[in-house]
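A.B. asks: Sequence first, then the predicted structure:
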Amino acid sequence: MYLKPSYEIRDKYLRKDMLPTIFCPGCGIGAVLQYTLRAIDDLGLNQDEIVWVSGIGCSSRVPGYVNFDGLHTTHGRALAFATGIKMANPDLKVIAFMGDGDAAAIGGNHLIHAIRRNLDVTVILVNNFTYGMTGGQVAPTTPKGLRGTTAPYGSFENPFDIAELAVAAGANYVARWSVFNYLQGINSIKKALQKRGFTLVEFLSPCPISFGRRNKLKTAPELIKWYQKITVPISKAKDMPPEELEGKVVIGEFVDRDRPSLVEEYEAYKRRAKKIMGWEE
Amino acid sequence: MRLLNTTGWVVKMQIRIAGIGGQGVILAGIILGEAAAIEGLNVVQTQDYGSQSRGGHSIADLIISKEPIYDLMVTKADVLVALAQLGYDSTKDSLRKDGILIIDTDLVKPDREYVGAPFTRLAEEKTGLALTVNMVALGYLVAKTNVVKKESVEMAIKRRAPKGTEEINLKAFRIGYEEGLK
Amino acid sequence: MRYPFPVGDADFIQGDEAIARAAILAGCRFYAGYPITPASEIFEAMSLYMPLVDGVSIQMEDEIASIAAVIGASWAGAKAMTATSGPGFSLMMENLGYAIMTETPLVLVNVQRSGPSTGQPTLAAQGDVMQAIWGTHGDHSLIVLTPATVQEAFDMTIRAFNLAEKYRTPVILLTDAEVGHMRERVYAPHPDELELVCRKLPANEEEAKYPFGDVHGDLVPPMPIFGKGHRTYVTGLTHDERGRPKTVDAEIHERLVKRIVGKIENNKKDIIDYETYGLEDADIAIVSFGIVARSAMRAVKELRKEGINAGLLKLNVLWPFDFELIEKIAENVDRIYVAEMNLGQLYHMVKEGANGKAKVELISRIGGEVHTPGEIVERIKRDLR
């Protein structure tokens, strides 16, 4: 894959007057944003037809930095807003950029239903295992035993596996990578953007200041090395016994299918309604 | 008890239909209201019922007037139609002293003057469907009070009766109407 | 254009049904909702009609999602509506504030039922007055309409959409279970006979750059909807005229919030609507709105028959509120009675408006039954003795 120089991507897609970003040194959000922009660029998608939606959190600030139509909404609700945007104007392509707390905690219900409906949206989910913006509280994704300000002695709850959740709820495409899997990440986003229905690409992303610092992983390189240790490609994981997978995070493409999307189903619904009511042309 | 004559009627009439859930009380109210609307009269229709789909009380109120209507609820009914004892018991105090009480004579034991007929029995015998009791009672009510024209009600039945039941409901209405003319 | 219900004609329908039909005639093509008594009928009617007129009606997972979807649809260019009752209304508060802050046109119908909490789901009340005006956090303003008849429910729904589009604001149609479920004759004009307003779109690229600025001097910015190449950024954070978040600048915040509030408060003459009866020579005024105004009207007529000079102020718009009008009335009457189905909400606004120039009394009723005209008459007569 030929990678354009970053400044070309920056010049074309970022709102200069909004920089610098609020992201900390070592934050992985910038990388995930770059992969998304490269995917859009590679596919030659029309900037005027894309709408970015987000909730609240560091990841959710991303739509403010990119030169597209953007809706920065309330905490956890991005996918509900996205449903309205897409159904009112199916010609728009919707990208939802969210963090793990926003999407899986307060937004959990909307996440499940958006997937159930197979809403045509591509979710780029930045998973840093914490609530970064508010200072490092635990999230539904924090691995058991790891610390956050609201579980200073180590989380006592089981975490979600968001990718598995999405597969079970019926998404058309689900992939998970860490920020250092840049080639796979860009390719997954490209695949996701081209598919109808609900597509999700999750990225394990370093948050050294709010998460890493409390868990003896004070810098981004340490966090990324940690990801290398704990991630297992899905091709290997499926042959491994459960005990070996304890504490590991599976990465790769989880599902790739083409169930009818919400827009398609609603078009068919309108045709059915008109037929039943004798309104056909 | 004052029976309304055939030509005029009071400027405004408050009608209450009471029964139990499942007797079609509310539909009767809607059809009567629609008939009044068809004639260009002002009409307000409200309803009250218990939470059970079957068996609780069911009340339909109509206020029909030539002038704009500001009331919503029947406060003093000019006419009370009671299709079941439970319906009668819950509503009897709302009927004016000289109002008209119309009852299903088989099912209601009233404690005042009344007119009526065995609506449920007539419905069962003449249409084969006890469920049309509401239309029989409605026909009787229209004949006795002349609040709206027979033809208006028939048009309303054609519009509002569930698809496929228009004929049987019209039949029940006409039976009740004939009974009311006696 | 074909419609799945009678148009240019009258029909005998419920308030909820009338609201749905009016919305479609006003051009609403997006509805998102969640089932709740006594508003479900609005949703069901929209669900029946929308697919036939190429609109969208979708059931969301909760009321929070419903209003969110409506806001999203509005930014995608559609006239959008949702309807709910007390419990759902409470859930919608955060996103309602978001709609106000982002100046998103939408119509939110609250068919009030008796509360608080789950309360009396099938019975009417007027207990959400204060919540409709102040329910969402922070300084804000919005428009609240209150119909008293089924025809008004129809007419005010059309007006709600027009005001929402004209002022780029959410408009609340505050009705109740009585109006929602009663049936009356309603005349639905053909859309060609209706005056319909659509949001201002940017006239050029320069205007599109300032989606939150006073571009035309009337406090209402043009709305650069998504998909037109405007690259609009919409956020609930305090933002400048271009939509860029600027959260620590006091001047920017003040300018933004005061303009949003000013949009409504400075246009009271255009928005406020009320009817009076007999106030010219009245000694006693009754102030009322919604379903209670009907009983109040009868009460005024009854009182006059008994030689008592009563007058009625029927409010059709609860917010913005005409405090000066109340003061003028207070100067001419001895007493003002506020009749409402709650423990006193409009009462406080009227008391403030009266400014001590007349005694203000509350005729309160809760429990799901509407005031009867007789009750109002008795109370006033008793007080006069």
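C.D. replies: Looks like it came in fine.
A.B. asks: List the backbone torsions phi and psi for the closest residue to chain A within chain B.
C.D. replies: Going by C-beta to the nearest C-beta, chain A is nearest to B:K163 of chain B, at 13.3 Å. For glycine as for every other residue, the C-beta is placed from the backbone atoms N, C-alpha and C. When read as degrees, to the nearest 10, the backbone of B:K163 gives phi -50, psi 130.
A.B. asks: That one and A:A78, how far apart?
C.D. replies: Applying C-beta to C-beta, to the nearest Å, the value for B:K163 to A:A78 is 44 Å.
A.B. asks: Tell me which of these two has more neighbours.
C.D. replies: The neighbour count for B:K163 versus A:A78, taken as other C-beta atoms under 10 Å in any protein chain shown, is higher for A:A78 (33 against 5).
A.B. asks: Quick one: mean pLDDT over the helix or strand encompassing B:S58.
C.D. replies: Using DSSP states H and E, B:S58 falls within strand B:57-65. The average of the pLDDT scores along strand B:57-65 is 92.
A.B. asks: OK, contacts around the residue lying closest to A:M18 once chain neighbours are set aside?
C.D. replies: Nearest non-adjacent residue to A:M18, counting by C-beta to C-beta, 6 or more residues apart in numbering or on different chains: A:Y65, 5.2 Å away. For A:Y65, the contacting residues are A:L14, A:R15, A:M18, A:L19, A:T21, A:L33, by C-beta atoms under 8 Å, 6 or more residues apart in numbering or on different chains.
A.B. asks: what residues are up against the most centrally placed residue in chain B?
C.D. replies: In chain B, the centroid-proximal residue (C-alpha atoms, centre = their mean) is B:L138; its distance is 4.4 Å. B:L138 makes contact with B:A28, B:I31, B:L32, B:V153, B:F173, B:G176 under the criterion C-beta under 8 Å, 6+ apart.
A.B. asks: Which residues of the stretch 201-350 of chain C lie near chain B?
C.D. replies: Taking C-beta under 8 Å from any C-beta of the partner chain as the contact definition, the stretch 201-350 of chain C meets chain B at C:I291, C:R294, C:S295, C:M297, C:R298, C:K301.
A.B. asks: For the fifth one, grab the count of nearby residues.
C.D. replies: Applying other C-beta under 10 Å, we find 22 residues neighbouring C:R298.
A.B. asks: And for the second one?
C.D. replies: C:R294 is surrounded by 24 other residues when neighbours are defined as other C-beta under 10 Å.
A.B. asks: now swap in C:D192 and tell me
C.D. replies: Around C:D192 there are 9 other residues, counting by other C-beta under 10 Å.
A.B. asks: Tell me the spatial nearest neighbour of the residue of chain A found nearest chain C, not counting adjacent residues.
C.D. replies: Nearest to chain C in chain A, going by C-beta to the nearest C-beta, is A:G84, at a distance of 2.9 Å. Of all residues not flanking A:G84 in the chain, C:G72 sits nearest, at 2.9 Å (C-beta to C-beta, 6+ apart).
A.B. asks: what ranges do the helices span in the chain?
C.D. replies: Just going to use chain A. Assigned by DSSP state H, chain A shows helices spanning A:6-13, A:29-43, A:78-88, A:100-101, A:108-117, A:162-169, A:182-194, A:220-230, A:234-237, A:242-245, A:262-276.
A.B. asks: looking at chain C here, not the other one
C.D. replies: C:15-26, C:40-49, C:63-75, C:86-101, C:129-134, C:150-167, C:177-181, C:205-208, C:250-265, C:268-271, C:292-305, C:323-332, C:346-354, C:373-384.
A.B. asks: if we can go back for a sec, list buried residues within the contacts of A:Y65.
C.D. replies: Listed as buried from the contacts of A:Y65 are A:L14, A:R15, A:M18, A:T21, A:L33; burial here means 16 or more other C-beta atoms under 10 Å in any protein chain shown.
A.B. asks: does any part of the strand holding B:S58 sit near chain C?
C.D. replies: No - contact of strand B:57-65 with chain C (C-beta under 8 Å from any C-beta) is absent, the minimum separation being 9.0 Å.
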